[in-house]
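*Asks:* Any chance you can model this:
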Amino acid sequence: MFSTYTYHQPFELESGHQLASLHLGYTSYGQLNEERNNVVWVFHALTANSDPAEWWPGLIGKDKIFDPRDYFIICVNMPGSCYGSIGPLEKNPVTGAAYFHQFPFFTIKDMVKSYQLLKKELGIQKIQIGIGGSMGGQQLLEWAATEPYLFENAIALATNAFHSAWGIAFNASQRLAIENDSTWIQNDNKAGINGMKTARAIALLSYRNYETYKQKQSEEITDKITDFKSETYQQYQGAKLALRFNAFSYYFLSRSMDSHHLGRHRKNVSAALSNISAKTLILSISSDILFPPEEQRFLSENIPNAVFQSIHSSYGHDGFLLEFEQIEKAIIQFLNREHIQQNKFQNVIK
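*Replies:* Here you go, the predicted model:
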């Protein structure tokens, strides 16, 4: 079920900009139990929406590991996106016109701050499982570091403690593509859309890798001199995103991702991670070049109750969305392990 939560009071961003109000679109499945502690909070990645059953069908739904009959599953569309939360194409209540280029900059910390308001509105005291990959994992870790005892379990996939210079360079290159679209200066819903198509093609190189293209886009004939499969694939992916997204959201959300740094306003990154008390599963994608495994190992080495596991995949970073069978197996093992340990502890204290 899709719902909208509106906060009718001023909301101050890290930048110092103050919004008169804000709203969040979110999707939920299942029902809260009497204790209001059967919550699975899902965090989506850059261009996804608030319906995880749509983009993570292998993990969420009836008879899946996260079954609405057992859990209250919630996913919020991150601010700046175009799927129901406050975003660049929506009206600025101050001017009455769409924000467009004037949309206020939300950091990952700002996003988490907005989710805390929704959590309070729903009366949620404890989140049994928080799960997110990539930019979604960044949000999960920020929240887990901000409220150390909120999450019972945290499952972070293909993510990091701060966005790397490598990752920022990829995002900056994509924004350059949008900025160099001559229509980008216009206040129009379609402004910069061709630039965004190019940006998506750039992004795809970081989402996949050499081996992925070798396996999927290599030519079957040897006498071809133009119209290569990999070339048309890049064009297709850009056009596909343009049918459902806009350049403004893409531009601002990439800046939000770049802002991610758990050490900001804290002693340092390691101290922030050491503050997380949730039992944590860190999943790495073996062929990920955008969020390489060394970043997840750093997380597991600095979060006190963390377990590290690598998922073998040839899909690169996108493996966190595609390798759901391996991911499901890892999550089941992790949750069963914690359940067994908890039962042993209960037997001892009796």
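*Asks:* so who does the residue nearest in space to the middle of the chain touch?
*Replies:* The structure's the chain has its C-alpha centroid closest to Gly136; by C-alpha atoms, centre = their mean the separation is 2.0 Å. Applying C-beta atoms under 8 Å, 6 or more residues apart in numbering to Gly136 gives the contacts Val42, Phe43, His44, Ala45, Ala48, Thr159. In this view, the C-beta of every residue, glycine as well, is placed from N, C-alpha and C.
*Asks:* Of those, which count as buried by neighbour count?
*Replies:* Val42, Phe43, His44, Ala45, Ala48, Thr159 (16 or more other C-beta atoms under 10 Å).
*Asks:* Quick one: residues contacting the fourth one.
*Replies:* If I follow you right, that is Ala45. For Ala45, the contacting residues are Gly132, Gly133, Ser134, Met135, Gly136, Leu321, by C-beta under 8 Å, 6+ apart.
*Asks:* ok so it is a helix residue?
*Replies:* No: secondary structure of Ala45 (DSSP: H, G, I helix; E, B strand; the rest coil): coil, not part of a helix.
*Asks:* Can you give me every residue that contacts the residue nearest to it when sequence neighbours are not counted?
*Replies:* Leaving aside its chain neighbours, Ala45 sits nearest to Ser134 (4.2 Å; criterion: C-beta to C-beta, 6 or more residues apart in numbering). Going by C-beta under 8 Å, 6+ apart, Ser134 touches Ala45, Leu46, Leu157, Ala158, Thr159, Phe291, His317, Phe320.
*Asks:* Now tabulate those in a markdown table and tack on secondary structure, pLDDT and distance to Leu283.
*Replies:* Putting those into a markdown table (DSSP: H, G, I helix; E, B strand; the rest coil; pLDDT from 0 to 100; distance: C-beta to C-beta, whole Å) gives the following:
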| residue | secondary structure | pLDDT | distance to Leu283 |
| --- | --- | --- | --- |
| Ala45 | coil | 98 | 14 |
| Leu46 | coil | 98 | 18 |
| Leu157 | strand | 98 | 4 |
| Ala158 | coil | 98 | 7 |
| Thr159 | coil | 98 | 9 |
| Phe291 | coil | 98 | 11 |
| His317 | helix | 98 | 12 |
| Phe320 | helix | 97 | 7 |
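*Asks:* Nearest to Pro52 among those residues?
*Replies:* Ala45 (10.4 Å; C-beta to C-beta).
*Asks:* Any figure for the gap between that closest one and Leu253?
*Replies:* Ala45 sits 10 Å away from Leu253, going by C-beta to C-beta, to the nearest Å.
*Asks:* shared neighbours, those two?
*Replies:* By C-beta under 8 Å, 6+ apart, Ala45 and Leu253 have these common neighbours: Met135.
*Asks:* Tell me where the stretch 201-350 of the chain has helices.
*Replies:* 210-217, 229-242, 247-258, 269-274, 293-302, 319-322, 324-349 (DSSP state H, counting those that start in this stretch).
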